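**Q** kindly return the folded structure for what I paste below:
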Amino acid sequence: MDRVIEKANILVEALPYIRAFAGKTVVVKYGGKAQVDDRLKAGFAEDVVLMKYIGLNPVIVHGGGPQISTMMTRLGKTPRFVDGVRVTDPETMEIVEMVLGGVINKEIVELITRHGGRAVGVSGKDGRLITAKRLKSGGPRGDLGQVGDVAAIDPKLLVDLTTDRYIPVIAPIGVGRDGSTYNINADSVAGAVARAVKAEKLMVLTDVEGILDKRRRLIPTLSRKEIQRLIKSGTITSGMLPKVNACLAAVEGGVAKAHIIDGRVPHALLLEIFTKQGIGTEIIA
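**A** As a prediction, this is how the structure comes out:
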């Protein structure tokens, strides 16, 4: 009986958050171990479906860098990176689009559908969702090829899908005004989508606890000024930088809060949204 009562108490604790977030949009950047570990994948899908059923509107943006590199190697092409950015020639762009839009995207759609949700996979080319611009290269980096940045987001397709009770799953591929296809960092896409749909939250799943200080302790909350200090001191570096920048751009663009959370924790999304403690690092304007 005590265990049953404990479950009831958990539901009661979640009630104020369910009430506060009903009808609100939450953008989730899905990646890391949560995207490859079967147990975590199932938990992620359950979280997303539950969010939808209790009145939130989840929008998923996914990555897939390791899977792209694996496919390139299988096809006899060597992945090449400059400052952490994948050099994307036309042949690589075809592989990127095939893996992100044709394999990973549909796997996530099927995963959510299998757990009771109604998911629809799209890329930034669908409905001209993501208009891209070529990422500036030059200097020591040289030509990066078809690597892009977000120029504009047209949220109409996403609004239509969420209104019809679908869960959009977005592959981070954009199209330029000249019709060229671009490979875009998924964190940047998630931040831009969150701004465009006026999301209540942006949640970025990672393979770390959150943002850590020099002593490897979790920092629960950060502002822009504090983040700039941590970047300057070398505390925030490399792969965390695009995630932090996407979160900052989101909150400065009107998103209430952004969160960098540990996707290795089962049901990380529910723990962040529906509990008092939350997990990970919260970024505020």
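
**Q** please make it C-alpha for all contacts and neighbour counts, starting now.
**A** Fine.

**Q** so V255 touches A196, yeah?
**A** No - between V255 and A196 no contact is recorded; they are 9.3 Å apart, counting by CA atoms under 8 Å.

**Q** who has more neighbours, these two?
**A** V255 (26 against 19; other CA atoms under 10 Å).

**Q** show me where the stretch 1-150 of the chain has strands.
**A** Ranges of strands in the stretch 1-150 of the chain, per DSSP state E, counting those that start in this stretch, are 25-30, 57-62, 81-82, 85-86, 119-123, 130-134, 147-153.

**Q** and the last one, what does it pack against?
**A** Right, strand 147-153. Judged by 3 or more CA pairs under 8 Å, 6 or more residues apart in numbering; DSSP states H and E, the packing partners of strand 147-153 are strand 130-134, strand 181-184, helix 186-196.

**Q** any idea how far the second one is from the chain center?
**A** The one in question is strand 181-184. From the chain centre to the centre of strand 181-184 is a distance of 16 Å (CA atoms, centre = their mean, to the nearest Å).

**Q** direction included, what does that strand pair against?
**A** Here strand 181-184 is paired, per DSSP bridges, with strand 147-153 (parallel), strand 173-176 (antiparallel).

**Q** right, and those strands - which one's nearest S223?
**A** strand 147-153 (23.7 Å; CA to CA).

**Q** quick one: buried residues of that closest one?
**A** 147-150, 152-153 (16 or more other CA atoms under 10 Å).

**Q** let me see the contact set for M71.
**A** By CA atoms under 8 Å, 6 or more residues apart in numbering, M71 lies in contact with 95, 99.

**Q** let me redo that: R128
**A** 154, 175.

**Q** can you check G278 too?
**A** If you count contacts by CA under 8 Å, 6+ apart, G278 has them with 271-272.
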